[in-house]
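Engineer: how does the following fold in three dimensions:
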Amino acid sequence: MKEQNPKSVIEPQLEDKLLDQTLRPSSFSDFVGQEKTKENLKIMIQAAKTRKDPLEHILIYGPSGLGKTTLAHIIAKENQGNIKITSGAALEKAGDIAAILTNLQDGDIFFIDEVHRLNKMIEEVLYPAMESFKLDIIIGKGASAKTIQINLPHFTLIAATTRIALLSSPFRSRFGGHYRLDFYNQENIEKIIGRSAKILSIRIENEAQNMLAKASRYTPRIANKLLKRARDFAQVKGEKIITPRVMTETLKMLDIDELGLETTDRKILQTIISNFNGGPVGIKTIAASIAEEEETIEDVFEPYLMQIGFLARTPKGRIATRLAFDHLGIKNQPEII
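Structural biologist: Below is the predicted model:
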């Protein structure tokens, strides 16, 4: 049997982008979970409107797939402004950021995804833009160089990142609001699945909905991906409703177990357990052993494995816990956590 791509559920696929936008909540009332963050954002937006001031810059961080981009769209809508979206890696030179900022209007939202990948030179250009809405452009070189200052519209920068520790302290301090998105709980994920099922016009039984939620890694993006694959499976098999049997077959087809662990998750745990006696072992060694990038392991796989208690980080390296041994059915356990 051909092995499934381990990122097939985690990373968005091109053919699903339009449907993903349809499933994306468009208001705070439709956005399930993250209650404290939503409440703080509502107050922040309402206060800015009352004072007729521009909304302060906002930094949103947390694991991928939890709704950072969705929140940026909702904030833009609530703030009655347009949104311009880019990513940190796409901004390579000062001219790139200048072209975007000078084309914004008062009240617009400028959203930078994966802002930790932003060039440090671009970051420094943003400092005066964020603080005083001015852009300093240097023309010429050497002794003949001149600085021209351009006034910018009163925009709001919303930055999203999965790795907030990589942002410099001066950059972080320029954001008026810092909000962390946490993994969702079972109840909220089931609500999200129920809402998405209605939009997709597919019925799903309660038990199947519960199974899907448990396998979703407590992440809305993955829950919606699994729901769409279960819908596809049901339609091809002539089923009018997603039953527990359909859900079981879908997860089996995708090589995902009942807790949402995929091929790469199991490879990480099995490598630590089989090759290094449960750990500790460094991230570089794990990445080399399974032929995966360190950043992908740290950003995509480790957060969930740590969330469910299968993996622990120590000063000496990663350790597979007793729960991981039990889940993989390995009985010979060393003295571990």
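Engineer: name the nearest residue to the residue nearest the centre of the chain, sequence neighbours excluded.
Structural biologist: Central residue of the chain (CA atoms, centre = their mean): Ser64, 1.8 Å from the mean position. In space, and not counting its chain neighbours, Ser64 is closest to Thr162: 5.4 Å by CB to CB, 6 or more residues apart in numbering. No exception for glycine: its C-beta is placed from N, CA and C like everyone else's.
Engineer: residues in contact with the one you found?
Structural biologist: Residues in contact with Thr162 (CB atoms under 8 Å, 6 or more residues apart in numbering) are Tyr61, Gly62, Pro63, Ser64, Glu114, His116, Asp299.
Engineer: and which of those residues is nearest Asn275?
Structural biologist: Distances from Asn275 to those, taken as CB to CB, are shortest for Asp299 (22.7 Å).
Engineer: from the contacts of Thr162, which has minimum pLDDT?
Structural biologist: For these, the minimum pLDDT belongs to Asp299; the value there is 83.
Engineer: can you count the residues close to that one?
Structural biologist: When counting by other CB atoms under 10 Å, one arrives at 17 neighbours for Asp299.
Engineer: please report how far the nearest residue to it once chain neighbours are set aside lies from Phe31.
Structural biologist: Nearest residue to Asp299, sequence neighbours excluded (CB to CB, 6+ apart): Thr162, at 4.9 Å. To Phe31, Thr162 is 19 Å away according to CB to CB, to the nearest Å.
Engineer: same check, this time on Pro244
Structural biologist: 28 Å.
Engineer: neighbour count winner among the two?
Structural biologist: The neighbour comparison of Pro244 against Phe31 (other CB under 10 Å) goes to Phe31, with 20 against 16.
Engineer: how far away is that one from Leu181?
Structural biologist: 11 Å.
Engineer: before we move on, what about Ala312?
Structural biologist: Taking CB to CB, one finds Ala312 at 22 Å from Leu181.
Engineer: so which of the two has more stuff around it?
Structural biologist: Applying other CB under 10 Å to Ala312 and Leu181 shows that Leu181 carries more neighbours, namely 20 against 17.
Engineer: hmm, Gly67 and the more buried one touching each other?
Structural biologist: Yes - applying CB atoms under 8 Å, one finds Leu181 in contact with Gly67, separated by 6.1 Å.
Engineer: overlap in contacts, those two.
Structural biologist: With CB under 8 Å, 6+ apart, Leu181 and Gly67 have common neighbours Gln34.
Engineer: show me the contacts for Leu157.
Structural biologist: With contact taken as CB under 8 Å, 6+ apart, Leu157 is in contact with His57, Ile58, Phe110, Phe111, Ile112, Leu126, Ala129, Met130, Phe175.
Engineer: what about the strands in the protein?
Structural biologist: Remark: strands assigned in the chain by DSSP state E are 58-61, 83-87, 109-113, 134-139, 146-151, 156-161, 177-180, 203-204, 241-242, 311-314, 317-320.
Engineer: winner for burial among those?
Structural biologist: strand 156-161 (a mean of 25; mean count of other CB atoms under 10 Å).
Engineer: chain center to that strand, what's the gap?
Structural biologist: 13 Å (CA atoms, centre = their mean, to the nearest Å).
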